[in-house]
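J.: sequence plus the predicted model coming up.
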Amino acid sequence: MLITAGRLLIFNLLYAILVWLTMYFPGVDLLAAAIFIYLLFRWSQHMIDNRMNTWQVMATATLAQLPGLFFSGMAIHSWWRYGPLTSNFDFILQMWHTPFVPWLSLLPTIHLQEFPISFLLAYILSPIYILLMTLFARRLQSGAPGRYRLREPRPF
């Protein structure tokens with residue numbers, strides 16, 4: 001589980017670089033973000049196929065998102081204690097969530113207390129990531145329609 005969480009963490013970092021590079025080409029960044037969601041689904045499927053249950057997938061995703069959870073907590077603490085935008089944790093948090101940034105660009109320009117909603121959503125993207133992987137695993141583990149598993153090898 002720790003190795004898988006480490007791989008997910010490295011995957012998030014490398015995919016952030018990929019999405020950052022694709023942001024120079026309109027539309028390609030959205031495609032890269034969609035592929036990121038698909039790859040999270042496939043990763044959840046791989047973990048379920050390797051006999052991990054939903055709770056183990058959630059724990060693995062939580063371990064992989066510990067940097068995002070830490071930066072979220074530090075940014076919220078800094079915001080509460082010293083005021084908005086008084087630390088670098090907001091910037092680091094946005095860099096951590098770069099694979100989701102193209103999705104945030106599709107949101108309408110709604111502001112809460114003079115901050116865009118897309119900026120504020122960066123604080124909860126790590127829990128959304130964990131929830132997404134957990135829902136994928138739960139869906140796959142429940143034997144969803146269209147998912148076939150071969151239990152025993154078929155005779156020739």
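T.: On my side now, so go ahead. Residues are numbered from 1 along each chain as shown.
J.: give me the phi and psi angles of residue 112.
T.: phi -120, psi 120 (degrees, to the nearest 10).
J.: for it, give me the pLDDT.
T.: The score at residue 112 is 80. That number is its pLDDT.
J.: now for it, how many residues are close by?
T.: 9 (other CB atoms under 10 Å). Every residue, glycine included, has its C-beta placed from N, CA and C.
J.: hmm, it is touching residue 120, no?
T.: Yes - counting by CB atoms under 8 Å, residue 112 sits close enough to residue 120 to count as a contact (6.1 Å).
J.: which residues do the two both contact?
T.: Common contact partners of residue 112 and residue 120 (CB atoms under 8 Å, 6 or more residues apart in numbering): none.
J.: how about low-confidence regions in the chain?
T.: Scanning the chain for pLDDT under 70 picks out 143-156.
J.: list the contacts of the nearest residue to residue 126 once chain neighbours are set aside.
T.: Of all residues not flanking residue 126 in the chain, residue 68 sits nearest, at 3.5 Å (CB to CB, 6 or more residues apart in numbering). Contacts for residue 68 (CB under 8 Å, 6+ apart) come out as 93, 96, 97, 125, 126, 129.
J.: as CSV, those residues with secondary structure, distance to residue 1 and neighbour count would be great.
T.: Formatted as CSV, the contacts of residue 68 follow (DSSP: H, G, I helix; E, B strand; the rest coil; distance: CB to CB, whole Å; neighbours: other CB atoms under 10 Å):
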residue, secondary structure, distance to residue 1, neighbour count
93, helix, 25, 24
96, helix, 21, 22
97, coil, 23, 26
125, helix, 22, 22
126, helix, 18, 25
129, helix, 17, 23
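J.: how about the helices in this structure?
T.: 2-22, 28-49, 54-64, 66-82, 89-96, 101-104, 117-121, 125-141 (DSSP state H).
J.: now the contacts of residue 68 as TSV including distance to residue 34?
T.: Listed next are the contacts of residue 68 as TSV, based on distance: CB to CB, whole Å:
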residue	distance to residue 34
93	22
96	19
97	16
125	16
126	20
129	15
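J.: which of these lies closest to residue 77?
T.: The closest of the contacts of residue 68 to residue 77 turns out to be residue 93 (CB to CB; 12.2 Å).
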